[in-house]
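Visitor: okay, predicted coordinates and the sequence, questions at the end:
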Amino acid sequence: MYRQGDVLIVPVTENAVPEDVRAAGPKPRRPRESMILALGESTGHAHALVATRDEGDFYPAPSESEAAFAFLPLGGKVVHEEHGTIPLPPGWFKVVRQREYEPRALRSFRVVAD
Amino acid sequence: MTSPATPATPATDMTTHPDLTADGIVAVAAAAHGSWRAIALSTEAADRQAAEEEVLRLYAEALPDAPPPEIIWCRSPLEAARLVLSDTARLGAPARDRIRDLAWSRSRALLAERLGPREFGRVWQASCGQIAPLISTLITRIAAAVEEQAESEDSSERTALRIALTHAVHGPFDAAWLPLYEAAGMASGLGLGRMARSAGWWWPFENAVILTERPLALRLDDQDRLHRGDGPAVVWSDGFAVYSWRGTPLTEEFGKRLAATTPESIRAEENAELRRMMVEHYTPERFLRDSGAQPLQQDEAGKLWRIEMGDDESIVMVEVVNSSPEPDGTFNVYFLRVPPSTQTAKAGVAWTFGLTEDEYQPLQQT
């Protein structure tokens, strides 16, 4: 698994992708458009996937508390303005946003944004 | 856009766009969403000249035989409501029904008739539905804060203030309806739209009209809840204020105490809910540092800190160092709150990604 700031990228098997995520389909993107994993609220800087030879798909998280997924058949890299670039091997990835504990009965965590 | 079959709506002076379709109205209103939000939440000084000219025009239309009203400016809704109670002879009978409500309900009826009930509901939802809940909350909270300013012990002053509030026109908060009326080109929406853009709440009476200034500050959190820790969430120039933490109403006394939070005042607070607000406002990491706490445990992931909070759950946080350096070469340190049962810093960081300590094994981190 790979960590860039508040995003964790975990290699998974294709079977690990939930049915609803797969059914919703990948986010449409234009040629050469990077896949934005998470946008920093304060800075506007983004964690983004860049697919090797532009081959890859990003499946957004169905809700704030669930994970997103990505498929990079030829591998790629994850980039961010303030963090070092991390190369990624080919395959499926689960993308987890960092959360913080919130001591409330109704809402027990919130998503962190750097 | 295709032209609709012309309905048998009588051409009156109240419709300037009688041919506009439901979708056309929605499109016009959608384009104005952002500007209506800005009008509703404006903290600009009132445009007194524009408001006075417009209110005189509304009076001349509604009460053509009466002399123009005296115009009285107040600094806040509280000052205005008190004036309504104290100066009944000077103001005369309430006139909101004739100055505003009659044209308002006529426009609404006309539009509902033109669109049909189902379309009317859809068009209102699409044009005003997004902002209406926020506005309704703001009106309720401000009205409640006015009532709480009743000075006497018995309930009669409170009741009188409540009645005074029922005579008010909410000016900018008419944004829960005006986007629809304006987009549909209803003439009544235009005059009230100009009022909404130029001043705060206003009170029409037969002999006089009270116009008020807008607040000096109006603060919401990222979920559109009234929220401010270092002062009032809404405040007017006469000092009338509404205190609120993430939408929860606060007493003025606690609102002021919250703004002046210290580690000692956090520990002295007996109410757990209020103590949590104080910790969140002060920030847990600052509370931890200023309390002279020592880290419980340390590993490659960072340091684990804990503060006991009496009858409430403990505050447990991991202190981690950013893996990427800042432009000046230093590494930022930050704190993440984790569940109170956390035993190690690594387990805490793993929890923030939904993993156990054993599962969390990053090959590379930046």
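Guide: Thanks, I have the structure now.

Visitor: and chain A, which residues reach chain B?
Guide: A:1-5, A:8, A:41, A:67, A:80, A:82-86, A:96, A:98-103, A:112 (Cβ under 8 Å from any Cβ of the partner chain). For every residue, glycine as well, the C-beta is placed using N, CA and C.

Visitor: give me the subset of those lying in strands.
Guide: A:2-4, A:8, A:80, A:83-86, A:96, A:99-101 (DSSP state E).

Visitor: of those residues, closest to residue B:302?
Guide: Residue B:302 lies nearest to residue A:3 out of those, by Cβ to Cβ, at 13.0 Å.

Visitor: next up, the contacts around the closest one.
Guide: Going by Cβ atoms under 8 Å, 6 or more residues apart in numbering or on different chains, residue A:3 touches A:9, B:323, B:353, B:362, B:364, B:365, B:366.

Visitor: where does the stretch 101-250 of chain B get nearest to chain A, residue-wise?
Guide: Across the stretch 101-250 of chain B, the shortest distance to chain A (Cβ to the nearest Cβ) belongs to residue B:222, at 7.9 Å.

Visitor: next, that residue: secondary structure please.
Guide: coil (DSSP: H, G, I helix; E, B strand; the rest coil).

Visitor: nearest residue to residue B:81 other than its sequence neighbours?
Guide: Spatial nearest neighbour of residue B:81, chain neighbours left out: residue B:164 (4.2 Å); criterion: Cβ to Cβ, 6 or more residues apart in numbering or on different chains.

Visitor: which of the residues in the helix or strand in which that neighbour is found are buried?
Guide: Using DSSP states H and E, the element containing residue B:164 is helix B:156-166. For helix B:156-166, the buried set under the neighbour-count rule, 16 or more other Cβ atoms under 10 Å in any protein chain shown, comprises B:157, B:158, B:160, B:161, B:162, B:164, B:165.

Visitor: got any ranges where the chain has weak pLDDT?
Guide: Just so you know, I chose chain A. A:40-44, A:104-114 (pLDDT under 70).

Visitor: that's the wrong chain, I wanted chain B
Guide: B:1-19.

Visitor: around chain A, pick out the residues from it.
Guide: Proximity of chain B to chain A, by Cβ under 8 Å from any Cβ, involves residues B:222, B:276, B:312-313, B:316, B:322-324, B:336-339, B:351-355, B:360-366.

Visitor: of those, buried ones?
Guide: Among the residues of chain B next to chain A, those buried by neighbour count (16+ other Cβ under 10 Å) are B:276, B:316, B:322-323, B:336-338, B:351-355, B:360, B:362, B:365-366.

Visitor: and those, which of them are in helices?
Guide: When those are checked against helices (DSSP state H), the matches are B:276, B:351, B:352.

Visitor: check contacts around residue A:96.
Guide: A:7, A:8, A:9, A:10, A:67, B:353, B:354.

Visitor: on that earlier part again, now, of the ones in strands among the residues of chain A next to chain B, which are buried?
Guide: Counted by 16+ other Cβ under 10 Å, these give A:2, A:3, A:4, A:8, A:80, A:83, A:86, A:96, A:99, A:100, A:101 as buried.

Visitor: greatest separation within those: which pair is it?
Guide: A:86 and A:101 (26.4 Å).

Visitor: ok so, going back, which one among the contacts of residue A:96 gets closest to residue B:302?
Guide: Among those, residue B:353 lies closest to residue B:302 (Cβ to Cβ), at 13.7 Å.

Visitor: so is residue B:280 in a helix, a strand, or just coil?
Guide: With three-state DSSP as the criterion, residue B:280 reads helix.

Visitor: closest point of chain A to chain B, which residue?
Guide: Nearest residue of chain A to chain B (Cβ to the nearest Cβ) works out as residue A:84 at 3.3 Å.

Visitor: ok, that residue touching residue B:366?
Guide: Yes: with contact defined as Cβ atoms under 8 Å, residue A:84 counts as touching residue B:366 (3.3 Å).

Visitor: please enumerate the shared neighbours of those two.
Guide: Shared contacts of residue A:84 and residue B:366, defined by Cβ under 8 Å, 6+ apart, comprise A:4, B:323, B:324.

Visitor: columns distance to residue B:192 on top of those, output as JSON lines?
Guide: Output for the shared contacts of residue A:84 and residue B:366, formatted as JSON lines (distance: Cβ to Cβ, whole Å):
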{"residue": "A:4", "distance to residue B:192": "52"}
{"residue": "B:323", "distance to residue B:192": "56"}
{"residue": "B:324", "distance to residue B:192": "54"}
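
Visitor: just the closest of those to residue B:183, please.
Guide: residue A:4 (45.1 Å).

Visitor: and the closest one, what is it in contact with?
Guide: Residue A:4 sits next to A:47, A:78, A:80, A:83, A:84, A:86, B:365, B:366 when contact means Cβ under 8 Å, 6+ apart.

Visitor: residue contacts, residue 85?
Guide: By default, I'm working from chain A. Residue A:85 sits next to A:77, A:78, A:79, B:366 when contact means Cβ under 8 Å, 6+ apart.

Visitor: other chain: chain B
Guide: Residue B:85 touches B:157, B:160, B:161, B:164, counting by Cβ under 8 Å, 6+ apart.

Visitor: how close does the third one sit to residue A:5?
Guide: Computed with Cβ to Cβ, to the nearest Å, the distance linking residue B:161 and residue A:5 is 52 Å.

Visitor: can you check residue B:315 too?
Guide: Taking Cβ to Cβ as the measure, residue B:315 falls 24 Å from residue A:5.

Visitor: now do residue B:297
Guide: 23 Å.

Visitor: so what touches stretch B:42-61?
Guide: With Cβ under 8 Å, 6+ apart, stretch B:42-61 has contacts from B:66, B:68-69, B:71, B:73, B:99-100, B:172, B:191-192, B:194-195, B:197-200, B:202, B:204, B:209, B:211-218.

Visitor: can you rerun that using 6 Å?
Guide: Identification of contacts with stretch B:42-61 by Cβ atoms under 6 Å, 6 or more residues apart in numbering or on different chains yields B:68-69, B:71, B:99, B:191, B:194-195, B:198-199, B:209, B:211, B:213-218.
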